[in-house]
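> build me a structure from this.
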Amino acid sequence: MIPDSFKQDLLNRVDIVDVISPRVALKKAGANWVGLCPFHGEKTPSFSVSPTKQFYHCFGCGAHGNAIGFLMEYAGLGYVEAVKELADSAGMKLPDFQPRGGPARSERAGPDLYELLQRAARFYHESLKASPRAIEYLKGRGLSGQTAARYHLGYAPAQWQGLAAAFERDDDKALVECGLVVENDGKRYDRFRDRVMFPILNQRGLVIGFGGRVIAAEDNPKYMNSPETPVFEKGRELYGLPQARDAIRAANRVVVVEGYMDVVMLAQHGVQNAVATLGTATTPAHVQKLLRQADEIVFCFDGDAAGRRAAWHALETSLETLADHKAVRFLFLPAEHDPDSFVREFGRAAFAAKLDEAEPLSAYLLRELKGRADLATLEGRSKLIAEAKPLVKRLAAPALRVQLVKALAAAAGMEPLEAARLLEVRDGIAARPAFAQPAPARQDRAPMRGNEAVCLRALLGSPELALGLNLELVRPDTAEGAALRQVADWITVHADAIPRPLSTAFETEPFYPLLARLEATLLEFKLEPGDFRAEFEGAVRNLEREAKAREINEMLARNERQGLPERLRETAGLREGPANAPDLA
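This next block holds a predicted model:
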């Protein structure tokens with residue numbers, strides 16, 4: 001992977017305000033910048049960006065991170081893509097690194113595949129203008145010139161070596177590497193011939209591959225896609241996502257369809273938040289990427305058997321990625337229609353109405369499972385629970401999982417606790433007396449107490465303070481104490497290469513959300529270096545008193561076991577409980 005040293009150098013060179021401000025309208029507010037959060041709908045700004053601390057935080061939805069994290073969340077980029085985009089903006093070149101499952105970049109050095117693919121896209125586009133047959137085909141499908149231009153559509157001539165006109169060296173091995181040319185038994189020929197061409201763009205708007213659709217109905221296959229290449233991975237990319245990104249954010253919904261023509265025709269009729277998979281089944285990477293863009297995914301499939309198989313696979317794929325504040329829904333069109341034909345016949349309003357009627361994932365899952373079992377029999381109800389078990393266990397959204405267990409229990413004629421046990425749901429469903437009062441709503445930003453938390457926040461603001469911390473004072477049996485020990489120990493080892501913000505060094509640790517919350521208070525209370533030292537030293541003094549109190553209490557406990565008088569405790573003048581520590585909002 002990309003070396004940490006390069007990542008930190010990159011973060012030190014860029015200004016997070018410069019990264020975010022072209023994408024989010026920011027206003028100066030004291031030492032920070034504020035704006036409307038791009039990750040959830042709001043009318044009052046709660047999104048804050050710190051140029052001194054180089055991180056952002058939303059006090060509404062909790063979104064938090066550095067410049068790399070922002071690009072990943074906002075643009076749906078992968079980690080490497082986000083680092084590359086940031087590096088390009090800073091004039092830095094990515095170092096050679098070993099990607100997962102592939103050779104080092106230096107081993108792949110050669111022609112710029114992006115440039116070759118872009119040149120091919122221009123060739124196909126010009127060829128479309130010169131092909132009355134291809135133009136008539138697209139017009140016959142109802143496609144306008146404006147839509148064709150928006151999606152950079154083209155045409156691959158019906159020639160074995162048509163691309164030779166676009167490249168000085170048509171024998172270049174790189175043309176094979178990027179999937180434009182096929183080499184077989186010493187012979188070379190164009191992969192795409194006599195097809196309407198759909199360029200596939202990555203999140204940065206660069207051409208990474210193509211989809212080609214036949215014009216003649218008798219030709220097969222109907223669609224042909226570029227093969228996997230060093231710049232194109234089908235299981236991670238989606239057709240039309242760069243063009244749809246703004247509409248997806250505006251609607252907070254993304255529609256996933258099966259065909260390229262579905263995407264372009266929906267867009268032409270005003271449904272511009274649609275994307276398509278690239279001839280592959282839905283993957284976890286697809287779902288993760290889309291849930292970064294919107295809170296709701298609607299999978300829109302044909303109502304035939306193939307469409308329903310694809311939908312069920314999409315449901316299974318979504319389970320491990322779904323969160324309680326996100327939604328996945330399913331829309332099945334009439335068997336005689338796909339999104340392209342439906343929107344052309346009935347229009348945008350009818351399709352939008354269908355989207356609003358899309359079935360929630362939980363309802364679709366329950367309907368499918370119930371349909372596979374005879375619930376009038378004991379065996380059928382047992383089968384329902386057995387088939388639901390692996391699906392429920394994979395579901396990542398805890399609140400939805402509890403509700404689903406209750407619904408399955410009702411369908412199977414069981415008590416929820418019985419169903420939870422059989423489904424092996426670890427968090428289960430807590431039994432509650434009928435007269436019990438509901439628990440009060442949990443506050444999003446409940447104060448965090450404890451001297452360990454105070455020290456931890458101070459280290460986030462002034463990491464050098466860790467060098468004087470005696471870790472023997474810190475109890476490891478609390479979340480804050482365990483995190484403080486690990487963070488302080490890391491700082492002492494990496495004192496010469498502290499990242500900005502410090503929390504980025506712990507993004508994969510389970511206590512990262514705790515660091516993010518503490519970091520957020522640095523924005524909220526506008527703490528400065530002098531404040532960090534003062535509160536750190538005060539918290540350390542409290543930790544010393546707590547440690548001394550524990551030592552004396554342990555000594556008294558040993559003495560009491562040996563029969564010494566109780567009045568010795570009064571003589572020691574001990575104060576019950578830990579030393580006072582301020583609340584951290």
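
> going forward, measure contacts between C-alpha atoms and count neighbours the same way
OK.

> Ile68 and Asp9, how far apart?
According to C-alpha to C-alpha, to the nearest Å, Ile68 stands 12 Å off from Asp9.

> between these two, which is the more surrounded one?
When Ile68 is set against Asp9 and neighbours are counted by other C-alpha atoms under 10 Å, the residue ahead is Ile68, at 25 against 15.

> so who does Ala310 touch?
Contacts for Ala310 (C-alpha atoms under 8 Å, 6 or more residues apart in numbering) come out as Ala281, Thr282, Phe301.

> show me what contacts the last one?
Put plainly, it is Phe301. Val257, Glu258, Gly307, Arg308, Ala310, Ala311, Phe330, Leu331, Phe332, Leu333, Asp338.

> make it 6 Å
Residues counted as contacts of Phe301 (C-alpha atoms under 6 Å, 6 or more residues apart in numbering) are Gly307, Phe332.

> buried set for whatever helix or strand Ala483 lives in?
Here Ala483 sits within helix 479-493, counting by DSSP states H and E. Residues of helix 479-493 classed as buried by neighbour count (16 or more other C-alpha atoms under 10 Å): Glu480, Gly481, Ala483, Leu484, Arg485, Val487, Ala488, Asp489, Ile491, Thr492.

> same question, stretch 308-324
The neighbour-count criterion (16+ other C-alpha under 10 Å) identifies 310-312, 314-323 as the buried residues of stretch 308-324.

> Thr508 looks like it's in a helix, true?
No. Read with DSSP: H, G, I helix; E, B strand; the rest coil, Thr508 is coil and lies in no helix.

> burial count for it?
The burial count for Thr508: 8, using other C-alpha under 10 Å.

> mind checking how far it is from Thr147?
Look at Thr508 and Thr147: by C-alpha to C-alpha, they are 42 Å apart.

> include distance to Asp88 when you put the buried residues of stretch 308-324 into JSON lines, please.
What follows is the buried residues of stretch 308-324, written out as JSON lines (distance: C-alpha to C-alpha, whole Å):
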{"residue": "Ala310", "distance to Asp88": "38"}
{"residue": "Ala311", "distance to Asp88": "39"}
{"residue": "Trp312", "distance to Asp88": "40"}
{"residue": "Ala314", "distance to Asp88": "35"}
{"residue": "Leu315", "distance to Asp88": "37"}
{"residue": "Glu316", "distance to Asp88": "37"}
{"residue": "Thr317", "distance to Asp88": "34"}
{"residue": "Ser318", "distance to Asp88": "33"}
{"residue": "Leu319", "distance to Asp88": "35"}
{"residue": "Glu320", "distance to Asp88": "33"}
{"residue": "Thr321", "distance to Asp88": "30"}
{"residue": "Leu322", "distance to Asp88": "33"}
{"residue": "Ala323", "distance to Asp88": "33"}
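
> low-confidence regions, this protein specifically.
Judged by pLDDT under 70, the chain has its weakly predicted residues at 1, 96-111, 170-171, 426-449, 524-530, 561, 563-585.

> domains of it?
Partitioning the chain according to automatic domain parsing yields domains covering residues 4-107, 111-225, 241-357, 366-423, 451-572.

> endpoint to endpoint, stretch 459-477 covers what distance?
The first residue of stretch 459-477 is 20 Å away from its last residue (C-alpha to C-alpha).

> show me the contact partners of that stretch.
Where contact means C-alpha under 6 Å, 6+ apart, the residues beyond stretch 459-477 that reach it are Gly481, Ala482, Ala488, Thr492, Leu502.

> in contact with the second one, which residues?
Think Ala482. Applying C-alpha under 6 Å, 6+ apart, the residues contacting Ala482 are Pro476.

> distance of it from Glu509?
Ala482 is 11 Å from Glu509, where distance means C-alpha to C-alpha.

> equivalent analysis for the fourth one, please.
Counting by C-alpha to C-alpha, the gap from Thr492 to Glu509 is 18 Å.

> one step back: let me have the contacts of stretch 459-477 in JSON lines, extended by distance to Gly62.
As requested, the contacts of stretch 459-477 are exported to JSON lines (distance: C-alpha to C-alpha, whole Å):
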{"residue": "Gly481", "distance to Gly62": "23"}
{"residue": "Ala482", "distance to Gly62": "23"}
{"residue": "Ala488", "distance to Gly62": "25"}
{"residue": "Thr492", "distance to Gly62": "29"}
{"residue": "Leu502", "distance to Gly62": "18"}
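
> and Asn225, its phi and psi?
Its backbone dihedrals place Asn225 at phi -110, psi 160, with angles given as degrees, to the nearest 10.

> please apply the same query to the one 4 residues further on.
Dihedral angles phi and psi of Thr229 (degrees, to the nearest 10) take the values phi -140, psi 180.

> what is the burial count for it?
15.

> nearest residue to it in space, please, no chain neighbours.
Leaving aside its sequence neighbours, Thr229 sits nearest to Cys178 (C-alpha to C-alpha, 6 or more residues apart in numbering; 5.6 Å).

> roughly how far does that neighbour sit from Ala267?
When Cys178 is compared with Ala267 (using C-alpha to C-alpha), they lie 28 Å apart.

> now Pro339
For Pro339 relative to Ala267 (C-alpha to C-alpha), the value is 11 Å.

> Tyr56 too?
Spatial separation of Tyr56 from Ala267 under the definition C-alpha to C-alpha is 33 Å.

> so these two - more neighbours on which side?
Neighbours per residue, other C-alpha under 10 Å: of Tyr56 and Ala267, the larger number sits with Tyr56, 30 against 24.

> what is the helix or strand hosting the more buried one packed up against?
With elements taken from DSSP H and E, the one containing Tyr56 is strand 55-58. With contacts defined as 3 or more C-alpha pairs under 6 Å, 6 or more residues apart in numbering; DSSP states H and E, the secondary structure elements packing on strand 55-58 are strand 47-50, strand 64-65.
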